[in-house]
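Q: Would you be able to build a 3D model of this:
(2 chains)
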Amino acid sequence: MGQVMRRYGTAAGMAAIVVFFAVALPDTFLTLRNWLNISQQISMLAVVAVTMTVVMVMGDFDLSVGSMASLAGVVAAVAFTHGWPVWAGVGAALAVGLLGGLFNGLLVSVVGILPFVATLATLTMYSGFAFLMSGGKTIFGRDIPAAFSGFARGGITLGATDGRPLVLPWLTLLALGVTAAIWLVLEQTAFGRRLYGIGGNAVAARLAGVKVMRLRLLAFGFTGVGAATAGLMYAARVASANPTQGSGLMLTAIAAVFLGMTMSAFGQPRVLATLAGVVVLGVMDNGLTQLHVDSYVRDVVVGAIIVLAVSISAFGRRATGG
Amino acid sequence: MAQLRGAVQVVPPPSSAPRQFAMPDLILSDIVKSYGAATALDGASLHLRGGEVHALMGENGAGKSTLIRILAGLERPDAGRIEIFGRPLGPGGAQAAGLRFLHQELQVVAGLSVAENMHLARPYPRRLGFVDWGALNRAAATALTRLGLERIAPATPMGALGPGDQMLVRIAATLIADGGAAPWAYVMDEPTAALTGAEAERLFAVIDSLRAGGAGILYVSHRMDEVMRLADRVTVLRDGRSVSSRAIGQTDQARIIHDMTGREIATLYPDRAMPGGTTRLALESVVAGPLSGVSLEVAAGEVVGLAGLAGTGRGALLGAVMGAVPRQGSVRVDGQLLRADTAAAWAAGLAWIPRERRAEGIMPGLALRETVALPHLARMTRAGLVSRAAERATVARLAGDVRLKAQGPDQPCAELSGGNQQKVLFARALAGDLKVLVLDEPTRGVDVAARFDIYALVRGLSAQGVAVLMSSSDLPELIGLSHRIAVLGRGRVAEVLPAEGLDEAGLLARCYAAMEG
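A: So this is what the prediction gives:
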């Protein structure tokens, strides 16, 4: 019984949420247009949460992803104002993400600082860099090339309803691509399997010949690049960059991974479970917004759902003695 | 009665108290317990009397732990009776009825003093609402003295004591009254698992004095020599049933093993194969931990045992060979110099079975095929992707060799018994191109049948030309398996003895001699 609750409780909860909104919003919720819309809304969160999963597999986490996302957006926008082509600006932002991620990894694995402390410090640092580079202002308007922001508005046209085109957004496809790539890395490569080994028992993994220090460092690189990618997606979508626009991502991403962890037998983070967590949070947000629920109330409801899911999982674990 | 201030009293030794009742005793009869489809206990019975040490033996999975959990009130039996003094024991009544439980994994607060640890589960003595430190320490000291532990000062931080003394402090703590019934029975689950020989001796002395005072002790252990020495009576569980209960004088080691396994084990240690001759593993001037320069060679097919008193660096030497502990000096495998890191060691054909299975070997959530594959992933990938088929094939190939009992390659290690987890680690060691096997206490916490499987396995590997370097605090095992035994002392190898013809007492004498230099 406990086992069943633990494995399928979250899935059942997700289904209940979808059913609830389908009943409450009969005309709009279960339409393809709405789901394409949700997919675009959650694409950035998905990229951050899925790459966050890489470090959480080892039992670590990265608090700096939000400020890294902001910094990456600002780096690209500043590059554009200096007349850099789109590929160069994007490349610079991703390079900053990789370096920032590897720096987190260096602090955690080589220096040996707790991930909470190390990434709390770099959260502040990266945020400071973003403010310094942007002068604390939003960069927008003609400085942002149309090719950059156009990407976030475009997509593959699937058809039309009510005279309006139905578009599968590029952002959704990008998020799916990142998810597929990280799934492949974590589930199918030796690298990913070693990360699960470290998460299961870091001491035992080292004694089994796993290069724990090097792998931890590299894993943080993934998270850094993921955060920068999400920052670029966000900047493209709003055609502007400011030093705080990514700040909401970190807590929501960690929440999505935790929601996903409630679905696996031994509480391990799994990419597809994380994606399910992201979808739950996205569906909640979309449905509650359509029901005109106040955004502050929305925060309370979303927080309560997370507490509920994790509590049920904890009870299930106790009941099965696992 | 020593009357102290506050609520704290020290219970007088049972022997000095006039016996108002007949000898206290505890009867468990026909206990049945299942978890879903799996039957853990299927008619287990036991009769513990005051003034005896009663050994409970059985293979891993025979139901010992379940029986103890039921006795402690942590689980409810599906059927059966538990009686103390002829009265039924209600759920959770074990503590009140005078039973005390000591588990192999100690729960201590390292930062608090010995006296505070002894009072953790009971009210601190107070004066004017504040802790009365004097009374607290005096109560602790009185209890410690009762067990002859005057050398442990109550104000010492718990973390400064070794695991043996921590265990003794825990026993002493049960002598401090807490308002419930005075303790008369102790349940000790593998109490010596984490203790050195000398620490175990002190524990045995305390057990003797508790028994002399009229207490009953239910003693769970895998160590046959301890049981033969300590116990007055042995009850054996097999497949959840009690198959025999005999006075120690009416049984012997072979009979107990027969009862536990249901089969005869003709000889515990299979014959040694002759070593091949060429040097596989060569250590030169290795410096690590307490070792100041160890040189040692192990030939192909040879088993070299490491002996030495606690703290002589047996574990450090094994760790240094594997590159898990920083080292100086050189380690060569088949003449090739080895880098000091664990990945290089596995790649060169070394494999090790760590001492602490749970802390250093097993990742609970990983499937056993994933655990087996972990050090060998580089060889199990196709086009960068891990081949699950290769992993399953490896497990299928090795499961028979190590006599692994599991549902399948995808079963999580957490669901396996200790002996089977150890076999998973052996399978992991065999999965590569094994040249040198490093064993640190290979049969710790492993039941007799699994132990025999492991001995046979080590012998078989030795016959195939694998060099084995092992450390074990079980001296008969060390002598029985090794070709040669290196005695460590004062930071180096004091002497290397042929194992043939060596006996336990003789080896122990050489270990002490090695400390004198």
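
Q: ok, now which ones touch the closest residue to chain B within the stretch 201-322 of chain A?
A: At 3.0 Å from chain B, residue A:266 is the closest residue in the stretch 201-322 of chain A, using Cβ to the nearest Cβ. (Each C-beta comes from the backbone N, C-alpha and C, glycine too.) Residues near residue A:266 by Cβ atoms under 8 Å, 6 or more residues apart in numbering or on different chains: A:322, B:364, B:365, B:412, B:414.

Q: can you pick the most crowded of those?
A: Using other Cβ atoms under 10 Å in any protein chain shown as the neighbour criterion, residue B:412 leads the contacts of residue A:266 with 21 neighbours.

Q: Any idea how many residues pack against residue B:86?
A: Residue B:86: 9 neighbours (other Cβ under 10 Å).

Q: And it, how far from chain A?
A: According to Cβ to the nearest Cβ, to the nearest Å, residue B:86 stands 33 Å off from chain A.

Q: domains for the chain, by residue range?
A: Defaulting to chain A. Following automatic domain parsing, one finds the domains of chain A at A:1-30+A:251-322, A:47-247.

Q: should've been chain B
A: Using automatic domain parsing, the domain ranges for chain B come out as B:24-261, B:279-516.

Q: Tell me who's in contact with residue A:53.
A: Applying Cβ under 8 Å, 6+ apart, the residues contacting residue A:53 are A:182, A:186, A:257, A:260, A:269, A:270, A:271, A:274.

Q: That one falls within a helix, correct?
A: Yes. Residue state for residue A:53 (DSSP: H, G, I helix; E, B strand; the rest coil) corresponds to a helix.

Q: And it, how close does it get to residue A:303?
A: Remark: distance between residue A:53 and residue A:303 (Cβ to Cβ, to the nearest Å) = 21 Å.

Q: How about residue B:464?
A: With distances taken as Cβ to Cβ, residue B:464 is found 60 Å from residue A:303.

Q: for residue A:58, same thing?
A: 26 Å.

Q: what's the answer for residue B:302, then?
A: From residue B:302 to residue A:303 the distance is 63 Å (Cβ to Cβ).

Q: Let's see the pLDDT reported for the residue of chain B found nearest chain A.
A: Closest contact between chain B and chain A, by Cβ to the nearest Cβ, is at residue B:363 (2.6 Å). Residue B:363 carries a pLDDT value of 89.

Q: of all of the stretch 101-250 of chain A, which residue lies closest to chain B?
A: residue A:200 (2.6 Å).

Q: so who does that residue touch?
A: Neighbour list for residue A:200: B:363, B:364, B:365, B:366 [criterion: Cβ under 8 Å, 6+ apart].

Q: same check, this time on residue A:282
A: A:38, A:39, A:41, A:42, A:45.

Q: Excluding residues flanking it in the chain, which one is nearest the residue of the stretch 101-250 of chain A closest to chain B?
A: Leaving aside its sequence neighbours, residue A:200 sits nearest to residue B:363 (Cβ to Cβ, 6 or more residues apart in numbering or on different chains; 2.6 Å).

Q: which element is the one you found on?
A: Counting by DSSP states H and E, no helix or strand carries residue B:363.

Q: sorry, back to before: just give me the least confident of the contacts of residue A:53.
A: For those, the least confident entry is residue A:260, with 89.

Q: In what element of secondary structure is the residue nearest to it when sequence neighbours are not counted found?
A: The spatially closest residue to residue A:260, leaving aside those adjacent along the chain, is residue A:273, at 3.3 Å (Cβ to Cβ, 6+ apart). Remark: residue A:273 resides in helix A:271-290, with elements defined by DSSP H and E.

Q: Just the CA trace of that helix, in PDB.
A: The C-alpha trace of helix A:271-290 is given here as PDB (Å, rounded to 0.1, in the frame of the first residue of the first chain):
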ATOM      1  CA  VAL A 271      15.100  13.200 -15.800                       C
ATOM      2  CA  LEU A 272      11.600  12.100 -16.900                       C
ATOM      3  CA  ALA A 273      10.300  12.400 -13.400                       C
ATOM      4  CA  THR A 274      11.700  15.900 -13.100                       C
ATOM      5  CA  LEU A 275       9.900  16.800 -16.400                       C
ATOM      6  CA  ALA A 276       6.700  15.500 -14.900                       C
ATOM      7  CA  GLY A 277       7.300  17.800 -11.900                       C
ATOM      8  CA  VAL A 278       7.800  20.700 -14.200                       C
ATOM      9  CA  VAL A 279       4.600  19.900 -16.100                       C
ATOM     10  CA  VAL A 280       2.600  19.700 -12.800                       C
ATOM     11  CA  LEU A 281       3.900  23.100 -11.700                       C
ATOM     12  CA  GLY A 282       3.200  24.600 -15.200                       C
ATOM     13  CA  VAL A 283      -0.300  23.200 -15.400                       C
ATOM     14  CA  MET A 284      -1.100  24.500 -11.900                       C
ATOM     15  CA  ASP A 285       0.200  28.000 -12.900                       C
ATOM     16  CA  ASN A 286      -1.700  28.000 -16.200                       C
ATOM     17  CA  GLY A 287      -5.000  26.700 -14.700                       C
ATOM     18  CA  LEU A 288      -5.000  29.000 -11.700                       C
ATOM     19  CA  THR A 289      -4.200  32.000 -13.900                       C
ATOM     20  CA  GLN A 290      -7.200  31.200 -16.100                       C
END
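
Q: following that helix, which helix or strand shows up next?
A: Sequence order places helix A:295-320 as the next helix or strand after helix A:271-290, per DSSP H and E.

Q: State the distance from residue B:191 to residue A:96.
A: 57 Å.

Q: now do residue B:460
A: Distance from residue B:460 to residue A:96, by Cβ to Cβ: 57 Å.

Q: Ok, residue A:51 next?
A: For residue A:51, the distance to residue A:96 - Cβ to Cβ - is 15 Å.

Q: the more surrounded of those two?
A: residue A:51 (34 against 23).

Q: Would you mind confirming that the more buried one makes contact with residue A:178?
A: Yes. Here residue A:51 reaches residue A:178: they are 7.2 Å apart, a contact under Cβ atoms under 8 Å.

Q: shared neighbours, the two?
A: Shared contacts of residue A:51 and residue A:178, counting by Cβ under 8 Å, 6+ apart, come down to A:226, A:229.

Q: Strands of chain A, residue ranges please.
A: Remark: strands assigned in chain A by DSSP state E are A:139-140, A:155-161, A:164-169, A:240-241.
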